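J.: Please find the sequence and the predicted model below.
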Amino acid sequence: MTGDFDLDQAVPWGRNRAEYLAFFDLLDLKPGARILDCGAGPSSFNAEMTALGFQVVSTDPLYACGKPAIARRIAGARAAIMGGIKAAAGRFVWDDYGSPEGLERTRLSAMKFFLEDYEAGRDEGRYRDAGLPNLPFDDGAFDFALSSHFLLLYSAELDLAYHEAAALEILRVART
């Protein structure tokens, strides 16, 4: 089908706080809320929310890598992601970004902010090398648990049993 955009493996491509707040309708969150971001990748959500007084822990197997390796993976994924977005541009609504180039600028800015925060955040335990469906947290350890796009974007690569186990794990570690 013309305009298809498929990725056959997880790639590092992050979103920002504004995108998370809109996507998850989190505008009423109060500082101090404990939030888990599963499959967070190079998102700036953690850095931005932490600066505002929230307690955020982001998990992703990507965090087994150091900052230079993550930066290289982002650079390596950029052409494929943007090529796919541009090829499928007619399938997107561009109200928030204006164009594929506007989206790219937004995402690169988010990932730059993530990279600037990554080493300090990893030292503080805010970025954890962990992934669904097995999280190293106690039952109800978080007020909220999120997965911004991981479970949706890779639904063809991850079977129903994986999705069910991941959803149950998210429900286990989050109070709401």
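T.: Here it is on my side, so go on.

J.: Helix or strand for I35, just tell me which one.
T.: strand 34-38 (DSSP states H and E).

J.: Hmm, I typed the wrong one, I wanted K112.
T.: helix 100-123.

J.: Other residues contacting that helix?
T.: Around helix 100-123, the neighbours that count as contacts under CB atoms under 8 Å, 6 or more residues apart in numbering are 12-16, 19, 42-44, 46-48, 50, 58, 63, 67, 70-71, 74, 78, 82, 85-86, 89, 92, 94, 97, 127. Every C-beta, even on glycine, is put in place using the N, C-alpha and C of the backbone.

J.: If you count neighbours, what's buried in stretch 77-92?
T.: Neighbour counts over stretch 77-92 (16 or more other CB atoms under 10 Å) mark 77-78, 81-82, 84-85, 88, 92 as buried.

J.: With respect to A156, which of the residues you listed is nearest?
T.: G84 (14.2 Å; CB to CB).

J.: where's the closest one relative to D96, distance?
T.: 18 Å (CB to CB, to the nearest Å).

J.: Ok, S44 next?
T.: If you go by CB to CB, the gap between S44 and D96 works out to 16 Å.

J.: Who has more neighbours out of these two?
T.: A direct count of neighbours by other CB atoms under 10 Å for S44 and D96 places S44 higher, at 26 against 12.

J.: Pretty sure the more buried one sits against G14.
T.: Yes. Assessed by CB atoms under 8 Å, S44 is found in contact with G14 at 6.3 Å.

J.: on that earlier part again, now the two most distant members of the buried residues of stretch 77-92.
T.: Across the buried residues of stretch 77-92, the longest distance by CB to CB is 18.1 Å; it joins A77 and F92.

J.: Low-confidence stretches in the protein?
T.: Confidence mapping of the chain against pLDDT under 70 gives the ranges 1-10, 153-154.

J.: which residues touch the residue sitting nearest the centre point of it?
T.: Taking CA atoms, centre = their mean, the centroid of the chain lies closest to A40, which sits 3.0 Å from it. Listed by CB under 8 Å, 6+ apart, the contact partners of A40 are 14, 46, 58-60, 127, 148.

J.: Just flag the most distant two among those residues.
T.: Y127 and S148 (14.9 Å).

J.: Pull out the buried residues from the strand holding I35.
T.: Counting neighbours by 16+ other CB under 10 Å, strand 34-38 gives 34-38 as buried.

J.: Let's have these in TSV, adding distance to S109.
T.: Shown next, in TSV, are the buried residues of strand 34-38 (distance: CB to CB, whole Å):
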residue	distance to S109
R34	26
I35	21
L36	24
D37	18
C38	23
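
J.: Just name the closest of those residues to R172, please.
T.: L36 (10.8 Å).
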